[in-house]
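> Attaching a predicted model along with its sequence, questions to come.
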Amino acid sequence: MTLFFNQMLGCLLIAACIGGVVGWLLKHVSAGKLAQQLADVTAMMRLREQMLEKARRQLRDTASVSKTQLGENEMMASQTVSHSSPENLTSQAGSVGSDRLHARLQESEAAGGWIEWLDVQLTERDEKHRIALDEVMLQLAERDQRIREFEQIQKRAEALEAFPTDKAA
């Protein structure tokens with residue numbers, strides 16, 4: 001009987017040690033990897049936000065330059081009107097204004113296309129990062145659940161270890 005009791009106590013002690021080691025490994029090994037993945041995803045999202053904001057600023061700058069040059073074109077046309085005959089005025093103002101306006105319109109369209117392409121790329125990458133983040137969060141939840149299970153097993157083992165010693169005393 002004593003031999004059986006000692007064997008049972010030894011098995012429980014070994015199980016508790018194994019549970020403690022596995023719990024420690026789960027906390028320290030997997031948490032580091034998942035935390036690093038989460039930090040990487042967060043950094044990528046910030047970088048993408050910065051790229052999008054930079055592209056928006058460039059588009060605004062292009063639009064403001066276009067407005068400024070359009071105003072300059074109007075001033076040049078009005079100055080030309082005061083120095084030219086009515087026939088020359090119509091042809092010069094129309095030619096200069098339409099050429100510059102057409103060039104600015106093409107630049108704005110190109111910038112708008114570039115911004116649209118960047119927005120599509122960022123949207124796709126954001127979706128991929130959200131999926132990766134969801135996976136990381138799911139893995140964290142699973143890891144936490146396993147840790148709780150191992151802690152419960154360890155508590156039960158400790159309770160079983162304490163139970164026979166109380167009766168013996």
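It's in. Since the structure is predicted, the reported quantities are computational estimates derived from the model, not experimental observations.

> Which residues does stretch 38-45 contact?
For stretch 38-45, the external contacting residues (CB atoms under 8 Å, 6 or more residues apart in numbering) are Arg125, Asp126, His129, Ala132, Leu133, Val136. C-beta coordinates here come from the backbone N, C-alpha and C atoms, glycine included.

> Nearest the middle, which residue of this protein would you pick?
With distances taken as CA atoms, centre = their mean, the residue of the chain nearest its centroid is Met45 (2.6 Å).

> Could you measure from that residue over to Ala55?
16 Å (CB to CB, to the nearest Å).

> ok so, going back, among the contacts of stretch 38-45, which are in helices?
Cross-referencing the contacts of stretch 38-45 against helices under DSSP state H gives Arg125, Asp126, His129, Ala132, Leu133, Val136.

> Spit out the contact partners of the first one.
Translated: Arg125. With CB under 8 Å, 6+ apart, Arg125 has these contacts: Met44, Arg48.

> and if we set it to 6 Å?
Arg125 is in contact with Arg48, counting by CB atoms under 6 Å, 6 or more residues apart in numbering.

> pLDDT of stretch 109-126, averaged?
Taken as a whole, stretch 109-126 has a mean pLDDT of 81.

> Show me what counts as buried in that stretch.
Ala111, Ile115, Leu118, Leu122 (16 or more other CB atoms under 10 Å).

> Quick check: the second one touching Leu59?
Spelled out, it's Ile115. Yes: applying CB atoms under 6 Å, one finds Ile115 in contact with Leu59, separated by 5.2 Å.

> where does the protein have low pLDDT?
29-32, 34, 66, 70-97, 164-169 (pLDDT under 70).

> now stretch 104-117: how far from the chain's centre is it?
Stretch 104-117 has its C-alpha centroid displaced from the chain centroid by 26 Å (CA atoms, centre = their mean, to the nearest Å).

> Next, count neighbours for Ala157.
20 (other CB atoms under 10 Å).

> Oops, could you answer that again for Arg148 instead?
11.

> that older thread, could the buried residues of stretch 109-126 be laid out in CSV, adding secondary structure and distance to Lys67?
Shown next, in CSV, are the buried residues of stretch 109-126 (DSSP: H, G, I helix; E, B strand; the rest coil; distance: CB to CB, whole Å):
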residue, secondary structure, distance to Lys67
Ala111, helix, 14
Ile115, helix, 17
Leu118, helix, 23
Leu122, helix, 27
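
> Which of those residues sits closest to Glu49?
Leu122 (8.3 Å; CB to CB).

> Please list all residues in contact with the closest one.
Arg48, Leu52.

> same question, Thr123
With CB under 6 Å, 6+ apart, Thr123 has no contacts at all.

> How about the secondary structure of it?
At Thr123 the chain is in helix, as set by DSSP: H, G, I helix; E, B strand; the rest coil.
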